[in-house]
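Student: How does the following fold in three dimensions:
(one chain, ligands or ions: 1)
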Amino acid sequence: MIKIRHAAVSEKKKIFDWYTFIISQNESKIWSVGQEYTWDEFNADFQDFYFEKSAQHKGSVMIIENGGEEIGCMCYDNNFLKPHCTELDIWMKNEECCGKGLGVSALKELITYLKTEKGIKKFLIRPSIKNIRAIKAYKKAGFTMVSDKKKTIEAYLKRPYLDKYGDGDYGFDDTAVLILE
Ligand SMILES: CC(C)(COP(=O)(O)OP(=O)(O)OC[C@H]1O[C@@H](n2cnc3c(N)ncnc32)[C@H](O)[C@@H]1OP(=O)(O)O)[C@@H](O)C(=O)NCCC(=O)NCCS
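Tutor: Residues are numbered from 1 along each chain as shown. Predicted coordinates for the structure are as follows:
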């Protein structure tokens, strides 16, 4: 059975290790091969507030557990987004935890939690266009792929952050944009 919980700051290094490990197992699908994601970059992207209870309205990292075993994590980020909007991310800790539908179940749990507890109404997720498994999983969780990426990003992101985050992690052309409303 899938359970989700907020991560503590003491779990940050473990979560970084999961990230770099799953990326190493999927490199060509997620990043350009050979691109390294450093601890410093991770710390810049996942500042301590993502692990603090007092900042859960801005965003948070969540641990996914299956039958008591930690299997991966998710993040929701409201910080750069308009009211009632959030952007999600998810990574399992290794390939053994993938391909079993667990990521989809975890996303559904997170979406229900954010709707009921945090007043979120609109969800954005932006994988690489090469990440076919992630796109399939997100569609199974209820997301739909948008055709007008620019218009969608403008509807979700606060204007001051459009330049920095508008293109997505993989560049505008190589980033797929999916929403759930
Ligand atoms: C993306 C991720 C969270 C999805 O969770 P998951 O539990 O593995 O998802 P599922 O098991 O439901 O698989 C999704 C679908 O993709 C399909 N799939 C799996 N591998 C595939 C592949 N190589 N090509 C095409 N489809 C594939 C599965 O068959 C499944 O579809 P189905 O239910 O119709 O059979 C998880 O795979 C993961 O953490 N991947 C590595 C990190 C990552 O890519 N994160 C996303 C960054 S945006």
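Student: Now do the phi/psi pair for the residue in the chain that the ligand sits nearest to.
Tutor: Here the chain gets closest to the ligand at one residue, residue 103, 2.1 Å apart by C-beta to the nearest ligand atom. No exception for glycine: its C-beta is placed from N, CA and C like everyone else's. For residue 103, the backbone dihedrals (degrees, to the nearest 10) come out as phi -60, psi -40.
Student: Would you mind confirming that it makes contact with residue 92?
Tutor: Yes. Using C-beta atoms under 8 Å, residue 103 is in contact with residue 92, at 6.0 Å.
Student: what do these two both touch?
Tutor: Common contacts of residue 103 and residue 92 (C-beta atoms under 8 Å, 6 or more residues apart in numbering): residue 72.
Student: Spatially nearest residue to the residue of the chain closest to the ligand, not counting backbone neighbours?
Tutor: Excluding its sequence neighbours, the residue lying closest to residue 103 (C-beta to C-beta, 6 or more residues apart in numbering) is residue 137, at 5.1 Å.
Student: helix or strand for the one you found, which one?
Tutor: Residue 137 belongs to helix 132-140 when assigned by DSSP states H and E.
Student: Same check on residue 70?
Tutor: Assigned by DSSP H and E, residue 70 belongs to strand 69-77.
Student: Name the strands paired with that strand and say parallel or antiparallel.
Tutor: Strand 69-77 has the following strand partners under DSSP bridges: strand 59-66 (antiparallel), strand 85-92 (antiparallel).
Student: Would you mark the buried spots in it?
Tutor: 70-77 (16 or more other C-beta atoms under 10 Å).
Student: a markdown table for those residues, including distance to residue 129 and pLDDT?
Tutor: Output for these, formatted as a markdown table (distance: C-beta to C-beta, whole Å; pLDDT from 0 to 100):
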| residue | distance to residue 129 | pLDDT |
| --- | --- | --- |
| 70 | 29 | 98 |
| 71 | 26 | 98 |
| 72 | 22 | 98 |
| 73 | 23 | 98 |
| 74 | 21 | 98 |
| 75 | 20 | 98 |
| 76 | 22 | 98 |
| 77 | 21 | 97 |
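Student: and the residues you listed near the ligand, which?
Tutor: Among the buried residues of strand 69-77, proximity to the ligand is found for residue 72 (C-beta under 6 Å from any ligand atom).
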